[in-house]
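K.L.:
Pasting a predicted model and its sequence here:
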Amino acid sequence: MYVANKLGLSTLNQMQGSTGAVYDTDISNVGILFGNASQHTFPAQTNVTENKFEVNSALLIETIAFYRLDSQGVPLNLLFPANGLVGTDVLVFDLIIGNKVVMKDTPIFLGGGPTTFASMPKVDTFGQEATIPRHQIFLEGAGILIPPQVEWSIQYSIYNFTTGAKKQVNPQTDGTIAAYLFGTRVLLNFNTTL
């Protein structure tokens, strides 16, 4: 609001905004999400037709989350399960908006379903609640803004966090990586403020 007021957008708090999310699936297995969204099936694999918002539309990202789908498109809970409980791999991603990397080398250890916004705690063999890594990055209070008409994408790689070796994802055995960006969708009306 402070920046908006300095720019002369004194009615920004009266503009429309609502909770929104965009999601995409890396069906091509190239390590890019949202950048190839125009090639994906709507809405099974993505809910955006291109990787930039329309004029006067923006997204303030509050959560970035990853999930995995099996070869039939069914959500799987873990990124890469080993013994059914703990993932052996880490997903490392960069969030790119325009030509700027705004989040670099950010790790994700555990995946959730596409409708899950928090991982449920697991109980260990002693009945104690175990702490597990979440499958999302929370940005509440800060947020990252994707402005109108600016391209964005997520580039990711997967590594074995014990050996450090880069892993090539096999969609038939490992499934497909997907992600959603959740936050506030804003419809800006600059015509009435400038």
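P.N.:
Looks like it came in fine.

K.L.:
then stretch 153-172 to CSV, C-alphas only?
P.N.:
Included here for stretch 153-172 are C-alpha records, laid out as CSV according to Å, rounded to 0.1, in the frame of the first residue of the first chain:
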residue,chain,number,x,y,z
SER,A,153,8.2,-20.0,-14.7
ILE,A,154,9.7,-22.5,-12.2
GLN,A,155,12.8,-24.5,-13.1
TYR,A,156,13.6,-27.5,-11.0
SER,A,157,16.0,-30.4,-10.6
ILE,A,158,15.8,-33.4,-8.4
TYR,A,159,18.8,-34.8,-6.5
ASN,A,160,19.5,-37.7,-4.2
PHE,A,161,20.2,-35.9,-0.9
THR,A,162,22.5,-38.6,0.3
THR,A,163,24.8,-38.9,-2.8
GLY,A,164,24.1,-35.5,-4.4
ALA,A,165,23.6,-37.2,-7.7
LYS,A,166,21.1,-35.5,-10.1
LYS,A,167,18.1,-37.7,-10.8
GLN,A,168,16.3,-38.1,-14.1
VAL,A,169,12.6,-38.5,-13.5
ASN,A,170,11.0,-41.4,-15.2
PRO,A,171,7.2,-40.6,-15.6
GLN,A,172,6.3,-44.3,-15.7
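
K.L.:
Quick check: mean pLDDT of that stretch?
P.N.:
Confidence over stretch 153-172 (mean pLDDT, whole number) is 85.

K.L.:
buried ones in it?
P.N.:
Residues of stretch 153-172 classed as buried under the neighbour-count rule (16 or more other CB atoms under 10 Å) are 153-156, 158, 167, 169. Bear in mind the C-beta positions are built from the backbone N, C-alpha and C, glycine included.

K.L.:
quick one: which of those residues is nearest to residue 95?
P.N.:
Of all the buried residues of stretch 153-172, the one sitting nearest residue 95 is residue 154; the distance, using CB to CB, is 5.6 Å.

K.L.:
Now that closest one. Nearest residue, chain neighbours left out?
P.N.:
Setting aside the residues directly before and after it, residue 154 is nearest to residue 33 in space (CB to CB, 6 or more residues apart in numbering), at 4.2 Å.

K.L.:
List the contacts of that neighbour.
P.N.:
Residues counted as contacts of residue 33 (CB atoms under 8 Å, 6 or more residues apart in numbering) are 24-26, 153-156, 177-179.

K.L.:
picking up where we left off before, list the ones among the buried residues of stretch 153-172 that fall in helices.
P.N.:
By the criterion of DSSP state H, membership of the buried residues of stretch 153-172 in helices covers no residue at all.

K.L.:
got TSV for the residues you listed, with distance to residue 60 too?
P.N.:
Written out in TSV, the entries for the buried residues of stretch 153-172 read as follows (distance: CB to CB, whole Å):
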residue	distance to residue 60
153	18
154	17
155	21
156	22
158	28
167	32
169	30
